[in-house]
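Undergrad: 3D, please:
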Amino acid sequence: MAFTDTGKGFPVLLGHSYLFDNKMWTPQISALTTKYRVIAPDLWGHGASPSLPSRVESLSDLAADHLNLMTYLGITEFAVVGLSVGGMWGAELAALAPDRVRALMLFDTFLGSETTEAQAQYFHMLNAVEKAGAITSPLLDYIVSQFYSASASADQVTALTSYLSSLGAQQLRDSIVPVGKMIFGRADRMHILDSIQCPTHVATGERDLPRPLSEGKAMAERLACEFTTIPQAGHISNRENPAFVTTLILDFLSSAIAD
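TA: Numbering: from 1, shown residues only. Next comes the predicted model:
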């Protein structure tokens, strides 16, 4: 698993969204590294990481891989900040290793299962991508619109469109499609929130389409933690309103982790 390891201080593990890589967190990393050691891995089949291993079949497997990464780095205790699928495996990790995860932030994510209708739609799209060996319009335009709202800059939309268009058939079939089916075919995992013991904060972009505010609020209620609506932001909220998200992370970590 490819990763960057920058800064000094209490370790913070970052989890990026599906179809992005660790560079998604660039605006936050520059601020976090002034106080924290930041570990930012690339999900299997994303960024510089190799293809999804055949043994990885669930979000809990992804959580175990990230825990193994921290063990490999000799890091005993750490915080987790995850967005979208990064939040899904991040919550799994907090439940898996309560003695090691000291704080948890969940952005634009949901531990419940997809509705029957939504799952059918996602699998139809993934099957189409697998068959074609490419992401092309009009599906390409639809996917981009799910990640970025009208608040996003033209550069952000263009960069994501270009990246998704460049994905090759082998990468799509070996990693992107199976990771997608792992995410969107997940079972309801809301119950694991009951076993998370560390300080937690949930936040969702006010314009997030795939993960609406109601889902984030439901998780915060289950966790009995604070919920924040991120203004002028869609699913990739940390890129659409980076200053707000960066401040939110820094304030939460400062209060959740004792020096």
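Undergrad: Okay, buried residues for the lengthiest helix in the chain please.
TA: What stands out as the longest helix in the chain, according to DSSP state H, is helix 116-132. Buried residues in helix 116-132, counted by 16 or more other C-beta atoms under 10 Å: Y122, F123, M125, L126, V129, E130. For the C-beta atoms, the positions are set from N, CA and C on the backbone; glycine is no exception.
Undergrad: so the last one makes contact with D174?
TA: By that I understand E130. No: contact between E130 and D174 fails when scored by C-beta atoms under 8 Å: they sit 10.2 Å apart.
Undergrad: quick one: contacts for the nearest residue to D174 once chain neighbours are set aside?
TA: Residue nearest to D174 in three dimensions, not counting chain neighbours: S51, with 4.5 Å by C-beta to C-beta, 6 or more residues apart in numbering. The contact partners of S51, by C-beta atoms under 8 Å, 6 or more residues apart in numbering, come to W44, G45, Q171, D174, S175.
Undergrad: And stretch 57-73, how far out from the chain middle?
TA: From the chain centre to the centre of stretch 57-73 is a distance of 14 Å (C-alpha atoms, centre = their mean, to the nearest Å).
Undergrad: Strands of the stretch 151-259 of the chain, residue ranges please.
TA: For the stretch 151-259 of the chain, the strands defined by DSSP state E, counting those that start in this stretch cover 200-205, 226-230.
Undergrad: State the number of residues packed around D155.
TA: Around D155 there are 8 other residues, counting by other C-beta atoms under 10 Å.
Undergrad: same question, the one 5 residues further on
TA: The burial metric for L160, expressed as a neighbour count using other C-beta under 10 Å, is 20.
Undergrad: Number of residues surrounding the residue lying closest to it once chain neighbours are set aside?
TA: Spatial nearest neighbour of L160, chain neighbours left out: V144 (5.4 Å); criterion: C-beta to C-beta, 6+ apart. Neighbourhood size, V144 [other C-beta under 10 Å]: 21.
Undergrad: what do you get for Y18?
TA: Neighbours of Y18 using other C-beta under 10 Å come to 20.
Undergrad: How about the backbone phi and psi for it?
TA: Dihedral pair for Y18: phi -60, psi 140, per degrees, to the nearest 10.
Undergrad: Quick check, pLDDT for it.
TA: pLDDT for Y18: 98.
Undergrad: Could you verify my assumption that it touches M182?
TA: No: in this structure Y18 lies outside contact range of M182 using C-beta under 8 Å: 9.6 Å.
Undergrad: pLDDT weak spots in the stretch 151-259 of the chain?
TA: The stretch 151-259 of the chain contains residues with pLDDT under 70 at 259.
Undergrad: In it, mark out all the helices, start to finish.
TA: Remark: helices assigned in the stretch 151-259 of the chain by DSSP state H, counting those that start in this stretch are 154-166, 169-171, 177-184, 213-223, 237-240, 242-256.
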